[in-house]
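Chemist: Fold the stuff below for me.
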Amino acid sequence: MTQRATTIFVSNLSFDCTEDDIRGLFGQVGQIAAVRMPHDSSTGKPRGFGFVEYMDAEAALSAVRNLAEAELNGRPLRVSVAEKGADSGGDSKKRRLGSGGGGGGVGCGGAGASAAAAAAVAARARIQESTAQQVTAVVEGTGSAQLFAMLQETQAFAAEHPAQARALFAQQPQLYHAVRLSLDRVCGPHGNV
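Modeler: Next comes the predicted model:
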C-alpha cells in the first residue's frame, strides 16, 4: 500500500512568518512535500494561515498532535488536518477536519469514530466561519471612534492582565478576529496603535 500525501492547515501565523520558518518547525516532524501561504490579493500581505503537505499521513497526524499550540514567531499555532481540497482556493480554506489538540485526532478509534469526529469538527468549523462573518459585519458597521476606544480599552486590559488576555483570545478566537479587524480599520492593514 502506498502512502498518500496529507495536508494540514496551520492558522494564527504571525504576519512576518515565512515559508522557511514553517519548514523549519514542521520539518522536524516529517518530510514536507510543499508549503503554501496564501496572500491577500489586494495588499499582497500574508493572510495569517497556511498549508503544509506531508509526504505521508502519519507525519501529518504527528504534526497535528505535537505542534498544536507550539509557538512560532511568538504566536501559538492552531494545527489541524485540512479538508480535502481546502488549499485549492475559495472560502473552503478556512474549513478544517482535524482537531488541534490532544492525542486523539482524526484517524484514531476506527473508521466510524473518525467519520463522526470529522463531521463534528466540520460542523464546528462552519459555525466558527459564520461567527467570523458576523463579527466582520459588526466591525464594519462600527464607527472609527468607537473602534479606537474599544482598542484602547483592550490594550489597557492586556497590559494590566496579560495572562488573562492571552487566555481570553485563545478561548474566544472571534474576539481576536474583532480586535484584528478593528486595528485594520483604524490603522490600516496590520498597523500599530
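Chemist: From now on I want contacts and neighbour counts done on CA atoms only, so please keep to that.
Modeler: Fine.
Chemist: Give me the domain ranges for this protein.
Modeler: Under automatic domain parsing, the residue ranges defining each domain of the chain are 6-132, 142-187.
Chemist: could you dump those to JSON lines with mean pLDDT and mean neighbour count?
Modeler: Below are the domains of the chain laid out as JSON lines (pLDDT from 0 to 100; neighbours: other Cα atoms under 10 Å):
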{"stretch": "domain 6-132", "mean pLDDT": "74", "mean neighbour count": "17"}
{"stretch": "domain 142-187", "mean pLDDT": "79", "mean neighbour count": "15"}
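Chemist: all helices in this structure, in order from the N-terminus.
Modeler: In chain order, the chain shows helices spanning 19-26, 57-67, 110-140, 144-160, 162-171, 173-187, with DSSP state H as the criterion.
Chemist: CSV for the ones you listed, including distance to residue 41?
Modeler: As requested, the helices of the chain are arranged in CSV below (distance: least, Cα to Cα, whole Å):
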stretch, distance to residue 41
helix 19-26, 18
helix 57-67, 28
helix 110-140, 18
helix 144-160, 24
helix 162-171, 27
helix 173-187, 16
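Chemist: between those, which gets nearest to residue 40?
Modeler: Nearest to residue 40, of all the helices of the chain, is helix 173-187, at 13.3 Å by Cα to Cα.
Chemist: got the angle between the closest one and helix 162-171?
Modeler: For helix 173-187 against helix 162-171, the angle by axes from the mean of the first three to the mean of the last three Cα atoms, to 10 degrees is 100 degrees.
Chemist: Quick one: list the elements packing against helix 173-187.
Modeler: Counting contacts by 3 or more Cα pairs under 8 Å, 6 or more residues apart in numbering; DSSP states H and E, helix 173-187 is packed against helix 110-140, helix 144-160.
Chemist: Could I have the CA atoms of that helix written out in PDB?
Modeler: These are the backbone C-alpha positions of helix 173-187, laid out as PDB (Å, rounded to 0.1, in the frame of the first residue of the first chain):
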ATOM      1  CA  PRO A 173     -10.900  33.400  18.600                       C
ATOM      2  CA  GLN A 174     -13.800  35.600  17.400                       C
ATOM      3  CA  LEU A 175     -12.700  38.300  19.900                       C
ATOM      4  CA  TYR A 176      -9.200  38.200  18.500                       C
ATOM      5  CA  HIS A 177     -10.700  38.400  15.000                       C
ATOM      6  CA  ALA A 178     -12.700  41.500  16.100                       C
ATOM      7  CA  VAL A 179      -9.600  43.200  17.500                       C
ATOM      8  CA  ARG A 180      -7.500  42.500  14.400                       C
ATOM      9  CA  LEU A 181     -10.300  43.800  12.100                       C
ATOM     10  CA  SER A 182     -10.700  46.900  14.300                       C
ATOM     11  CA  LEU A 183      -6.900  47.600  14.100                       C
ATOM     12  CA  ASP A 184      -7.000  47.200  10.300                       C
ATOM     13  CA  ARG A 185     -10.000  49.600  10.100                       C
ATOM     14  CA  VAL A 186      -8.400  52.200  12.400                       C
ATOM     15  CA  CYS A 187      -4.700  52.000  11.500                       C
END
